[in-house]
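**Q** Predicted model and sequence below, questions to follow.
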Amino acid sequence: MHALRSTLLALAALLVSAAPLSAASAPAPGPVSAYFEARGLRTYYELRGSGSPLLLLHGGAGNGKQFEHQVGAFEREHRLIVPDCCCQGRTTCREDSLTYHAMAEDMIALLDHLGVKQVDVMGWSDGGDIGLDLAMHHPDRIRRLVTFGANLDPTGLNEPDQRWAATATPDSLGPGMRAGWIELAPDSTRYVDAMTRVLALWRTQPRWTTADLGRIRARVLVCAGEHDLIRRDHTESIARAIPGAKLWIVPGASHGAMLEKPELVNPRVLRFLAEK
């Protein structure tokens, strides 16, 4: 089974439960589950923990529960902001195409709503692409950025995954994805519409150049799994293009490194965020 299909099946299991994020230890003060309305969306988000703010951005077709293996460790040192992005999780859809830039601007609206002037960001897959867009367009708002499995353009995927994405339909994502999305969605009738937009996003975006990445001023840690669906040379080119960026290939992991290897991922990310 190709990597993208396998990863989607794995994350589908996380979509089935509508429960809020769970923590490995007792929750830190001030857990919040809330919505806010802006930019034509009703966006769901959770707040947990205390300390410097950290925005966690989930992967495509997913939701904030994908960080369930990080929350317990991260909330002891950071005030976590964990949203569901447009057309995913508990957040509504806009009546336009799905783009990484629009979702990045949605995150700026959320930060403004919360009164957060500057934030660290950790993004997985599509969330990593949103994080890169934030760092390019809002350099004053992003202090540090950690990406896992991000790409510059659709050719960054391994060839079998590009071929799958080129012809995939919502049915290709499997019944588990459908069930999990419907369980959380504000409008359960929009599954085909939402996943059609997600698949179109994967086929056509992002479309950045290394010169675009060269504008980033945040301190960046670029990560991918040893067996990621993103090509190794593509990940390395992203790290080279961002001034001062660090590269980390997670040993033994696939595209879902943060799900598979939290014992490696969590301390490495926390060390990076704490560096002076």
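**A** Great, that's in hand.

**Q** Show me what counts as buried in stretch 239-250.
**A** The neighbour-count check on stretch 239-250 (16 or more other Cβ atoms under 10 Å) flags 239, 241-242, 245, 248-250 as buried. C-betas here are computed from N, CA, C, even on glycine.

**Q** just the strands in the stretch 151-276 of the chain please.
**A** Per DSSP state E, counting those that start in this stretch, the stretch 151-276 of the chain carries strands over the ranges 219-225, 246-250.

**Q** would you turn those into TSV with mean pLDDT and distance to residue 111?
**A** Shown next, in TSV, are these (pLDDT from 0 to 100; distance: least, Cβ to Cβ, whole Å):
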stretch	mean pLDDT	distance to residue 111
strand 219-225	99	18
strand 246-250	98	24
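
**Q** nearest to residue 82, of the buried residues of stretch 239-250?
**A** Using Cβ to Cβ, residue 250 is the member of the buried residues of stretch 239-250 that lies nearest residue 82, at 21.3 Å.

**Q** Skipping adjacent residues, who's closest to that closest one in space?
**A** Nearest residue to residue 250, sequence neighbours excluded (Cβ to Cβ, 6 or more residues apart in numbering): residue 257, at 4.2 Å.

**Q** now residue 105
**A** Closest to residue 105 by Cβ to Cβ, 6+ apart is residue 39, at 6.8 Å.

**Q** Tell me, how many residues neighbour that neighbour?
**A** Using other Cβ atoms under 10 Å, the number of residues around residue 39 comes to 14.

**Q** so who does it touch?
**A** 94, 102, 105-106, 109 (Cβ atoms under 8 Å, 6 or more residues apart in numbering).

**Q** So which of those residues belong to helices?
**A** Judged by DSSP state H, those include 102, 105-106, 109 as members of helices.

**Q** Return a ChimeraX selection command for the buried portion of the residues you listed.
**A** Buried subset of the ones in helices among the contacts of residue 39, written as a ChimeraX selection, criterion 16+ other Cβ under 10 Å:
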select :102,105,106
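
**Q** Check which helix or strand the closest residue to residue 212 other than its chain neighbours maps to.
**A** Distances taken as Cβ to Cβ, 6+ apart put residue 136 closest to residue 212, at 5.9 Å, once the chain neighbours are dropped. Per DSSP states H and E: residue 136 is located in helix 126-137.

**Q** tell me the angle the very next helix or strand once past that helix makes with strand 219-225.
**A** Per DSSP H and E, helix 126-137 leads on to strand 142-148 as the next helix or strand towards the C-terminus. Computed by axes from the mean of the first three to the mean of the last three Cα atoms, to 10 degrees, the angle separating strand 142-148 from strand 219-225 equals 10 degrees.

**Q** so strand 142-148 versus strand 246-250, what angle?
**A** Angle, strand 142-148 to strand 246-250, by the same axes, to 10 degrees: 30 degrees.

**Q** Could you name the helices and strands sitting against strand 142-148?
**A** Applying 3 or more Cβ pairs under 8 Å, 6 or more residues apart in numbering; DSSP states H and E, one finds that strand 142-148 makes contact with strand 119-124, helix 126-137, strand 219-225, helix 262-274.

**Q** sorry, back to before: give the burial count for the residue nearest to residue 212, as a bare number.
**A** Neighbours around residue 136, by other Cβ under 10 Å: 20.

**Q** again with residue 95
**A** When neighbours are counted by other Cβ under 10 Å, residue 95 comes out with 6.

**Q** who's in contact with it?
**A** Applying Cβ under 8 Å, 6+ apart to residue 95 gives the contacts residue 40.

**Q** Pop out the phi and psi values for it.
**A** phi -90, psi 60 (degrees, to the nearest 10).

**Q** go on, the one 4 residues further on?
**A** Backbone torsions for residue 99, taken as degrees, to the nearest 10, come to phi -140, psi 150.

**Q** what's the answer for residue 158, then?
**A** Main-chain torsions, residue 158, degrees, to the nearest 10: phi -60, psi 150.

**Q** my guess is it contacts residue 233, does it?
**A** No: with contact defined as Cβ atoms under 8 Å, residue 158 does not count as touching residue 233 (10.8 Å).

**Q** higher neighbour count, the two?
**A** Shown here are residue 158 and residue 233; by other Cβ under 10 Å, residue 158 has more neighbours (19 against 8).
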